[in-house]
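> Have a look; sequence and predicted model below, questions after that.
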Amino acid sequence: MNARGWMAVGAAVLVAGGVLAASGVMPWGDPPPPPPIEVVESGSDAARAAGEVTAPTPVDPFAPAIPIVESGSDAARDLVGETYVPLPPMHDPFELPSIPVVESGTDEAWIAHGEEIINVAERERLAEQRRRVEETFRANSPFPPNPESELGRYRFDLRILQLVDSSRGLDRITYFANTADGSLLFPDWALDGLLPAGTFGDGTLHFVLRQADGDVLACGQHPDIGDACLMLGENLGPGFAWLRDMTQHRRFLDTIPRVPQTLGEGPGGNVQGIRGKGEDIFLQMWVGRNPSPIATQMPFIGAGVGVMKDFRIRANRTVHRTRWEGGDLDGGDLVIDLVEMESARMERDTSLYRIVTAFTAEGLAEAMAIGNQVPDLVGQARAIQEALDACPAGRTGADCRKFHRQRMKELDQRMRDQALDFGRRHGLPVDAD
């Protein structure tokens, strides 16, 4: 800023000072003297009126200015209105609370504390049991199977006693089974009560054998044939033969979840009832809950009861009762109960018998075919005889008679050869003479 500017500022200050002085805001000259101050004594009323504030007189710490009374006493309640709220007794931290003692592994321990005990020994025992069950299920029978041909020595290793409840009453049947192939042997003494007197005429029954393939042999002594085994064919075998078929047996087990489990009365004991559909029939079975120790690869051992392979749980199971719905002759149910089943040995030798197949389905069909030819053969014989009778008498008809007699002889030989051939092929006694 130049000198002229500073002069202008100075003039403005002088003017402003004059205005303030004229209005009394800024006095002119020296200030007036201060008013006089009154002296008063500290602590007096005049000092307090002037606004003096003094600290309280200190209390003697050794002088009991306030009465001391015991808390919780009547004096404390009367003096200051003390209210006493009793508290529960404090728990001794070194004293354990009372806890009921229960034995580990009991129901009380499980209910009170949710205790779960893992019994390692029991778990190992169950695992070993499951291993043995699986091993038995996969194992073959240690017993040798029977021969496939009709002639041979047949051996059996299992005896079964069962009770059959039908419209004819109660019948006890004892028979033997081969656990390797499922073949069955019914001795004569086990069938006496089942077969009516005179069933075999003058013959004597020795045993009935059902082979592994289902064919049935009835062996005994015939007054004309001698010792012989009549092949009766599979269709005349014991009931429930379809159970030995692996495919049909699995199909029966597969139907159980889809078939209503409406069961009749069971045999009691530790058994489980099942119901399934077989080959055009419904069967109810009561099987043991515990596995069977009998090793076999046959789907079923026995005639209605015995041992069954349960592919659902991979275990061999004992069949204690079977109810064949509508399987009786009168249309009612046929019920079979297992009485006993134990290891036993039995054998029969069919090589000592003549095998007669004339009474199988094939043999009977062939015999019927031969029988159907009889009217035609009789007609041929009658025509030959008429031609023979028509031959001229004497030397003139000699050649005619010779020709027709030869025809009759050939017809008779043809009929005889056919009968002899049938007898030889089917085990019947044949007299060549």
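That came through fine. Residues are numbered from 1 along each chain as shown.

> I'd assumed His320 was in contact with Gly269.
Yes - with contact defined as C-beta atoms under 8 Å, Gly269 reaches His320; the gap is 7.2 Å. Where you see a C-beta, it was placed from the backbone N, CA and C, and this is true even at glycine.

> Looking at the two, which one has more neighbours?
Neighbour count, other C-beta atoms under 10 Å: between Gly269 and His320, His320 has more, with 24 against 10.

> sec struct for the more buried one, please.
Per DSSP: H, G, I helix; E, B strand; the rest coil, the secondary structure class of His320 is strand.

> Please tell me how far it sits from Val287.
Distance from His320 to Val287, counting by C-beta to C-beta, to the nearest Å: 7 Å.

> joint contacts of the two?
The contact sets of His320 and Val287 overlap at Val271 (C-beta atoms under 8 Å, 6 or more residues apart in numbering).

> low-scoring stretches of the stretch 51-200 of the chain, by residue?
Across the stretch 51-200 of the chain, the ranges flagged by pLDDT under 70 are 53-66, 84, 87, 91, 93, 96-97, 112-113, 115, 192-200.

> show me where it has strands.
153-166, 169-177, 184-187 (DSSP state E, counting those that start in this stretch).

> Against which helices or strands is the shortest one packed?
In terms of contact count using 3 or more C-beta pairs under 8 Å, 6 or more residues apart in numbering; DSSP states H and E, strand 184-187 is assigned the packing partners strand 153-166, strand 169-177, strand 204-210, strand 334-349.

> The same query, at a cut-off of 6 Å, please.
Other helices and strands packing on strand 184-187, by 3 or more C-beta pairs under 6 Å, 6 or more residues apart in numbering; DSSP states H and E, are strand 169-177, strand 204-210.

> Now Glu108. Nearest residue, chain neighbours left out?
Spatially, and ignoring its direct neighbours in sequence, Glu108 is nearest to Val102 (4.2 Å; C-beta to C-beta, 6 or more residues apart in numbering).

> Test my guess that the one you found contacts Ala109.
Yes - if you go by C-beta atoms under 6 Å, Val102 and Ala109 touch, sitting 4.8 Å apart.

> Mutual contacts of those two, please.
Taking C-beta atoms under 6 Å, 6 or more residues apart in numbering as the criterion, Val102 and Ala109 do not both touch any residue.

> which stretches of this structure form helices?
Shown for the chain, the helices assigned by DSSP state H span residues 3-22, 45-49, 74-80, 107-113, 120-138, 188-191, 246-255, 361-372, 374-389, 398-425.

> Please identify the deepest-packed of the helices and strands packed on strand 184-187.
Ranked by average neighbour count under the criterion mean count of other C-beta atoms under 10 Å, the helices and strands packed on strand 184-187 are headed by strand 204-210 at a mean of 20.

> Restricting the selection to alpha carbons, write that strand to CSV.
What follows is strand 204-210, C-alpha atoms only, in CSV (Å, rounded to 0.1, in the frame of the first residue of the first chain):
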residue,chain,number,x,y,z
THR,A,204,-44.6,-156.9,-2.7
LEU,A,205,-43.3,-153.3,-2.6
HIS,A,206,-39.7,-152.8,-1.3
PHE,A,207,-39.3,-149.0,-1.7
VAL,A,208,-40.2,-146.0,-3.8
LEU,A,209,-37.3,-143.8,-5.2
ARG,A,210,-37.6,-140.3,-6.5
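
> Residues contacting it, please?
Here strand 204-210 makes contact (C-beta under 6 Å, 6+ apart) with 184-188, 216-221, 237-238, 348.

> mind listing what it pairs with, with the direction of each?
Take DSSP bridges as the rule and strand 204-210 pairs in its sheet with strand 184-187 (antiparallel), strand 216-222 (antiparallel).

> Tabulate those strands (CSV), appending distance to Val85 and mean neighbour count.
What follows is the strands paired with strand 204-210, written out as CSV (distance: least, C-beta to C-beta, whole Å; neighbours: other C-beta atoms under 10 Å):
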stretch, distance to Val85, mean neighbour count
strand 184-187, 94, 21
strand 216-222, 101, 20
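
> who wins for proximity to Ile37 among those strands?
The closest of the strands paired with strand 204-210 to Ile37 is strand 184-187. By C-beta to C-beta, the value is 145.1 Å.

> Any idea how far that closest one is from the middle of the chain?
32 Å (C-alpha atoms, centre = their mean, to the nearest Å).

> Equivalent analysis for stretch 101-109, please.
Using C-alpha atoms, centre = their mean, the offset of stretch 101-109 from its chain centre is 33 Å.

> Please apply the same query to stretch 255-265.
14 Å.

> Grab the CA positions of that stretch and hand them over as PDB.
Extracted in PDB, the C-alpha atoms of stretch 255-265 (Å, rounded to 0.1, in the frame of the first residue of the first chain):
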ATOM      1  CA  THR A 255     -43.800-113.400  -5.400                       C
ATOM      2  CA  ILE A 256     -43.900-113.100  -1.600                       C
ATOM      3  CA  PRO A 257     -43.800-109.200  -1.500                       C
ATOM      4  CA  ARG A 258     -46.700-109.000  -4.000                       C
ATOM      5  CA  VAL A 259     -48.900-111.700  -2.500                       C
ATOM      6  CA  PRO A 260     -51.200-110.800   0.500                       C
ATOM      7  CA  GLN A 261     -49.700-112.400   3.600                       C
ATOM      8  CA  THR A 262     -53.000-114.000   4.800                       C
ATOM      9  CA  LEU A 263     -51.700-116.900   6.800                       C
ATOM     10  CA  GLY A 264     -53.500-119.800   8.500                       C
ATOM     11  CA  GLU A 265     -52.500-121.200  11.900                       C
END
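
> list the buried ones in that stretch?
For stretch 255-265, a neighbour-count test (16 or more other C-beta atoms under 10 Å) marks nothing as buried.

> ok, and what's touching stretch 255-273?
Counting by C-beta under 6 Å, 6+ apart, 274-277, 284, 286-289, 320-321, 323 sit against stretch 255-273.

> I'd like to know which of the residues you listed are buried.
The neighbour-count test (16+ other C-beta under 10 Å) applied to the contacts of stretch 255-273 identifies 274-277, 284, 286-288, 320-321, 323 as buried.

> Using the record's assignment, carve the protein into domains.
As assigned by automatic domain parsing, the chain contains the domains 92-138, 153-237+350-354, 241-346, 359-425.
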